[in-house]
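Trainee: The following comprises the amino acid sequence and a computationally predicted model.
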Amino acid sequence: MSKDAKEISQKALKEFLSEAEEIIEKLNQDLLTLDRSDKRGRIDPETVNEIFRAAHSLKGLSGMFGISRMTTLSHNLENILDKLRLGKIQLSPRLLDLLFEAVELLNRIVEQTSNGEENADSNEVEHMIHRLDAAISQSGDETGAGALDVLHIEPEILGVLTEYEEHRLLENIRQRMRIYKVHARFDLVTFDHSLGELTTQLKVLGEVITTLPSANATKDTEIEFDILLGTNREERELRGEFARSNVAVNEVLYHQPSPGEAPAPMTAPVSAADTVDHLVDDQVGESIHAVGDHDAGEEGIGSLKSVSDTVRVDIRKLDHLMNLVGELGLIRSSVVRLGDRIKAEHGFVGYSIELHKINKVLERKLAELQESVMDVRMVPLRQVFDKLSRVVRKLSRETGKRAKLEVEGADTELDKLIIEELVDPLMHIVRNSIDHGIEPRADRVGMGKPEEGVIRIKAAQRGNHVVIEVTDDGGGMDPEVLREIAVEKGLLPATEQVSKREIFDMIFLPGFSTKKVVTEVSGRGVGMDVVKENISRLSGIVDVDSELGKGTRLTIVLPITLAIIQALIVESGGKPYAVPLNSVLECLTIHRDDVQKIERHEVLQLRDAILPLARLDRLFHPEQASEPPEKIFVVVVGLAEHRLGLVVDRLRGRQDIVIKSIGKSLQNIRGIAGATELGDQQTILVVDIGALIEESVRRRD
């Protein structure tokens, strides 16, 4: 294979893996929807169909790229889903767990293929296929052809129903739904749009069982359709809906029982909202079933035009584009300096005025470009929260505890790279909430709590930061117990007095665990230290609070992006630093005598509050720190409710910067988020506000 062909092949494989990941994510979301509808006692057939179609698509795509493990597993998953949608097997909690496990295995195959591990987990795939086959073999093929005889319906219609449509008709009969034949007439030119609108309207009222073309059109310019609808609505109500349209509604009557024959049992009516969750119609080509077509899974060849307007972009390409925008910002800064020099030497005339105008246009266009690139990078937190729903469901079953996840603010957006780094910390927090926080069912009932525990995640944007709160209504943390564990593990001297906040912060220490027994869920002392480390690496902070018997709350504060940010350039001890402007609240000019000391810590009386101070030169270069000048500047920064004053010698101005990673020698120094380059080719350090505030809070406590 030529080099070009290999590159094309690798690019195609990468696009396939990206699409496969999207399909698997949709599979998981639909399975969660199916789980919720099962708990309500009403399975939405459209959701089952969506899951079946997704497995079918994954089978076809993986077959094209020769990923046999995925093809075989998807095929077996498709088989069991086909049995489920045709009513040949019943949905049970055990079967639902098996479907979740199969989808998780598909996700692992995607990851392994991406990493070049083509033959990994082959035994696990075979084992999963065996379990899926066993689930199918335990079912009996239900046939209900005789049950259709209870309806007064034309044999011509029954004869062209697909197996799936026949099953859905039987299900409506078993539930004693009213069956209606809706006859509609449309203009031949616009029938596709009109039929789509009618189908959407009918789906609100009940379940559209089938849509069949009719041969009874009275005009050559018209086309007619017969639609079977299952619903609990009255006939007069339906006729009222279509009183002024070319739609006729007629109820298909049930046969009356023969003398001595017991009437068919009636079930409770099912509302239209429970009957159909999807209100958007499929393509009209999927709505019209050709006579004799008995394979609902096969789709006809339609337009080759893509139905999506989205384009997948590698995040590394966006990083490169973002860096280019940052470099352009540096060039603009050089243009500004050049303009200032010309203005100082020759006055604001001639070329100086023209250069000033060009700079203003360049500044505006760069701002638009930066905003556009940032918009592309932003993704909703829903992507993370959907994954956490599966974690909660799985861990609830493993621990035997009942717990549910409630989410608020799922549409809050963050940078894609921050989202990816946030998955593991949130998963650890949720795992701890279930294992350590939520009590066993019997204990909760004894305490007067609901049997089912609640883990609530709330996300909201506050300025240039996003605040994520994770709370549970479990037993909370006992400070005295935490203190005893810390003393026992040698993390705290027995005689040392510490605050309640410091005790809670000990859960973030490596090796700290309240579990006496190691389980698959927790107890190894690994988890919360990873949470703090990952959040700090994202220039964020994490705070914990708990009340015994009522629950625990963890608050995470993160910047919206770490790509291009505006920074305040300051000088301290003769060295420049960049302070992220999204954390700057105000700047003050004070006399050095205004600085006071409380318990050896420098503070400033700011209005009605005490503001702790930190000198940048003493933090990063304590051996070179000198006495500050009489007039000093204080940059007040804050995250959430925490405040800190950075004492600096000079404010140099505001500038857009691109944060670059720093070498290993500086990587572990707290308070440094990275480095950036100014327009004069000078490299300076970027201050990590989150780490400095966290250190300040720890010292005060």
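Mentor: Right, received. Where do you want to start?
Trainee: burial measure for Leu321, as a count.
Mentor: Neighbourhood size, Leu321 [other C-beta atoms under 10 Å]: 17. From N, CA and C alone the C-beta is placed, and that goes for glycine too.
Trainee: Surely it touches Val373?
Mentor: Yes. Under the criterion of C-beta atoms under 8 Å, Leu321 makes contact with Val373 at 5.7 Å.
Trainee: Tell me, domain by domain, which residues of the protein belong where.
Mentor: If the domains of the chain are taken from automatic domain parsing, they occupy 3-137, 145-259+266-287, 316-378, 381-559, 564-700, with pieces of a single domain joined by a plus sign.
Trainee: lowest confidence element among the helices and strands of the chain?
Mentor: helix 272-275 (a mean of 32; mean pLDDT, DSSP states H and E).
Trainee: Outside of the particular helix or strand that has Arg94 in it itself, list whatever touches it.
Mentor: Here Arg94 is covered by helix 93-114, with elements defined by DSSP states H and E. Outside of helix 93-114, the residues that reach it under the criterion C-beta atoms under 8 Å, 6 or more residues apart in numbering are 13, 17, 20-21, 24, 27-28, 31, 34-35, 38, 51, 58, 67, 69-70, 73-74, 77, 80-81, 84, 89, 118, 120-121, 124-125, 128, 131-132, 135, 390, 393-394, 397.
Trainee: go on, stretch 332-344?
Mentor: With C-beta under 8 Å, 6+ apart as the contact definition, stretch 332-344 has outside contacts at 351-352, 355-356, 358-359, 362-363, 366, 655, 678-680.
Trainee: and stretch 326-339, which residues are buried?
Mentor: Taking 16 or more other C-beta atoms under 10 Å as the neighbour-count basis, stretch 326-339 is seen to contain the buried residues 326, 328-330, 332-333, 335-336, 339.
Trainee: got it, and stretch 545-556?
Mentor: Using 16+ other C-beta under 10 Å, the residues of stretch 545-556 that count as buried are 546, 551-556.
Trainee: got a list of contacts for it?
Mentor: If you take C-beta under 8 Å, 6+ apart as the criterion, stretch 545-556 is touched by 425, 429, 433, 437, 447, 467-478, 504, 535, 540-544, 640.
Trainee: Then stretch 404-421?
Mentor: Surrounding stretch 404-421, the residues in contact under the criterion C-beta under 8 Å, 6+ apart are 315, 318-319, 374, 377-385, 388-389, 392, 422, 430, 452-461, 466, 534, 537-538, 558-563.
Trainee: Do me a favour and get the end-to-end distance for stretch 342-356?
Mentor: Between the start and the finish of stretch 342-356 there is a gap of 10 Å, counting by C-alpha to C-alpha, to the nearest Å.
Trainee: That stretch - what's its average pLDDT?
Mentor: In this model, stretch 342-356 has an average pLDDT of 84.
Trainee: Can you mark which positions in it are buried?
Mentor: Buried residues in stretch 342-356 (16+ other C-beta under 10 Å): 342-343, 352, 355-356.
Trainee: Find the residue at the geometric middle of this structure.
Mentor: Of all residues in the chain, the one closest to the mean position by C-alpha atoms, centre = their mean is Gln383, 1.4 Å from it.
Trainee: Following element in sequence after whichever strand or helix holds that one, please.
Mentor: Under the assignment given by DSSP H and E, the secondary-structure element containing Gln383 is helix 382-399. Downstream of helix 382-399, the next assigned helix or strand under DSSP H and E is strand 403-408.
Trainee: List the contacts of the helix or strand hosting Glu571.
Mentor: Glu571 is located in strand 564-572, with elements delineated by DSSP H and E. Residues outside strand 564-572 that contact it (C-beta under 8 Å, 6+ apart) are 322, 325-326, 329, 370, 373-374, 559, 576-582, 584, 587, 615-617, 633, 635, 646-659, 676, 678, 684, 686.
Trainee: That strand pairs with which strands, parallel or anti?
Mentor: Take DSSP bridges as the rule and strand 564-572 pairs in its sheet with strand 575-580 (antiparallel), strand 650-658 (antiparallel).
Trainee: now, of those, which is deepest in the fold?
Mentor: Relative to the other members of the strands paired with strand 564-572, strand 575-580 carries the highest mean neighbour count by mean count of other C-beta atoms under 10 Å, namely a mean of 21.
Trainee: Which other helices and strands does the helix or strand following that strand contact?
Mentor: Using DSSP H and E, the next helix or strand after strand 575-580 towards the C-terminus is strand 584-591. The helices and strands touching strand 584-591, judged by 3 or more C-beta pairs under 8 Å, 6 or more residues apart in numbering; DSSP states H and E, are strand 601-606, strand 631-639.
Trainee: can you list contacts of the longest one?
Mentor: With C-beta under 8 Å, 6+ apart as the test, strand 631-639 has contacts from 465, 540-541, 557, 568, 570, 579, 583-592, 604, 606, 611, 613, 643-651, 689-690, 692-693.
Trainee: residue ranges for the strands of the stretch 401-550 of the chain, please.
Mentor: For the stretch 401-550 of the chain, the strands defined by DSSP state E, counting those that start in this stretch occupy 403-408, 413-415, 453-462, 465-472, 541-547.
Trainee: I'd like to know which of those is closest to Phe191.
Mentor: Taking C-beta to C-beta as the measure, these were each checked against Phe191, and strand 413-415 came out nearest at 40.7 Å.
Trainee: for that closest one, the distance to its chain's centre please.
Mentor: 10 Å (C-alpha atoms, centre = their mean, to the nearest Å).
Trainee: swap in stretch 482-499?
Mentor: In this view, stretch 482-499 has its centroid 38 Å away from the chain centroid, taken as C-alpha atoms, centre = their mean.
Trainee: And stretch 221-232, by the same measure?
Mentor: Offset of stretch 221-232 from its chain centre (C-alpha atoms, centre = their mean): 39 Å.
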